[in-house]
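Peer 1: A predicted structure for the sequence below; I have some questions about it.
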Amino acid sequence: MMLKRMIRLAAITLAATGLAIAPAQAQSNDLNAAFDNALGTQVRAPRTFQATYDSSLERRIAQLADGDKGRIGVAAIDLSTGQEISVLGDQLFPMASTSKIAVAATFLEMVEQGKYSLSSEFPLMLPVSSARFSSAVAPVRQGEYMPAIDLIEIMITRSSNPATDALLAAVGGPAKVNDWVRRQGIKNWSINRDIATLVRDDGEFDPANHIDKRDAATPRAMLKLLTGLYQGKFLSAESRRVLLSAMSRTRTGKRRIPALIPADAKVSHKTGSLNNTSSDVGFIEGPDGRVIALAIYVTGQGARLAREERIAALARALYDGYAAEARKQVWTSAPAQNDNQTGG
């Protein structure tokens, strides 16, 4: 009874803002049906909630994802065991620049098809000053031409918006990226604007207590994207190497996923930042060979530094928690010792 009460208290804490808490094992259809029934692209989350957590690790993550100062969504999986953890994993969050992973993947598929090469050159798309919401698409002008491989590098490692819009234009716009994502069997993921427009019109809604279906994904959808890329399901070995290698050199977000991870582990990630929201998604490869894929989306919390600290704490808790689970499995699967045996 005490354990059930503690779990319920954690669920109530997570629901302090009046927003929905997605069940850890629930499908996303219930929440999405509520979204689809609302008018407009910006909707309030449903107020009903249900939360169940099946492990001590998941309960720990739920505590760290306390949403009393804004929504926090987490989805993670240990790729060696398939153990998945989710808190608000089926609720939509602003992707911000984490969507750039899919932009790169869409372009790389076109390289595989022979439509482009990594040496194909495209112009940077530089934003031109314009008033917020003054046009459906923010004006841009062409800048320096760069090879695609360099555009991918600065788009991922430095989160360059002009480089992203260059490749977004090359592939045919957001609809083409959405088509690539859908063909991988991923739902609840959508990019609707180029980055110049997204940034210019940022701040229309507060993501801490509102859900905008545009340029948004659920943590679980992003986790599925990450998992498929890492496992080589979506791209060729060479395209996978190009994308994951760039993610391993990311220079943004040093206070996020990498901040508290031990030095002997490798982090490959992509950050995202917009009004009142910070995110980080990617992989942690431990020295024992285990790989954790994770997607963390944090809104509110008072300031950007506080959001980044929350991301760092969640990433470290996932890293330590999965390591503990692995040790537990090794211990429980070890053959029983025969008391009659003698040792030297």
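Peer 2: Happy to help now that I have it.

Peer 1: Which stretches in the stretch 51-200 of the chain count as helices?
Peer 2: For the stretch 51-200 of the chain, the helices defined by DSSP state H, counting those that start in this stretch cover 56-64, 100-112, 148-157, 161-171, 174-183, 195-200.

Peer 1: any chance of these in TSV, plus mean neighbour count?
Peer 2: The C-beta positions use only the backbone N, C-alpha and C, and glycine is treated the same way. Output for those, formatted as TSV (neighbours: other Cβ atoms under 10 Å):
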stretch	mean neighbour count
helix 56-64	19
helix 100-112	24
helix 148-157	22
helix 161-171	23
helix 174-183	17
helix 195-200	22
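
Peer 1: and the ones you listed, which one is worst for confidence?
Peer 2: Mean pLDDT per stretch puts helix 56-64 lowest among the helices of the stretch 51-200 of the chain, at a mean of 88.

Peer 1: can you give me the offset of that one from its chain's centre?
Peer 2: Relative to its chain's centre, helix 56-64 lies at 18 Å (Cα atoms, centre = their mean, to the nearest Å).

Peer 1: pull the CA atoms of that helix into PDB?
Peer 2: Below are the C-alpha coordinates for helix 56-64, written out as PDB (Å, rounded to 0.1, in the frame of the first residue of the first chain):
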ATOM      1  CA  SER A  56      12.400   1.600  -9.600                       C
ATOM      2  CA  LEU A  57      14.300   3.300 -12.400                       C
ATOM      3  CA  GLU A  58      11.200   4.500 -14.100                       C
ATOM      4  CA  ARG A  59       9.900   5.900 -10.800                       C
ATOM      5  CA  ARG A  60      13.200   7.700 -10.300                       C
ATOM      6  CA  ILE A  61      13.000   9.200 -13.800                       C
ATOM      7  CA  ALA A  62       9.400  10.300 -13.000                       C
ATOM      8  CA  GLN A  63      10.600  12.100  -9.900                       C
ATOM      9  CA  LEU A  64      13.200  13.900 -11.800                       C
END
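
Peer 1: Any stretches of this structure with poor pLDDT?
Peer 2: Filtered on pLDDT under 70, the chain yields the residue ranges 1-54, 329-344.

Peer 1: Name whatever forms a beta bridge with the most centrally placed residue in it.
Peer 2: By Cα atoms, centre = their mean, the chain has its centre lying nearest to A295, at 3.5 Å. Beta-bridge pairing for A295 (DSSP bridges): A75, V281.

Peer 1: Am I right that P207 falls within a helix?
Peer 2: No: under the criterion used here (DSSP: H, G, I helix; E, B strand; the rest coil), P207 is coil, not part of a helix.

Peer 1: just checking, it touches G67?
Peer 2: No: using Cβ atoms under 8 Å, P207 is not in contact with G67, being 12.0 Å away.

Peer 1: Find the residues that touch each one of those two.
Peer 2: Shared contacts of P207 and G67 (Cβ atoms under 8 Å, 6 or more residues apart in numbering): G300.
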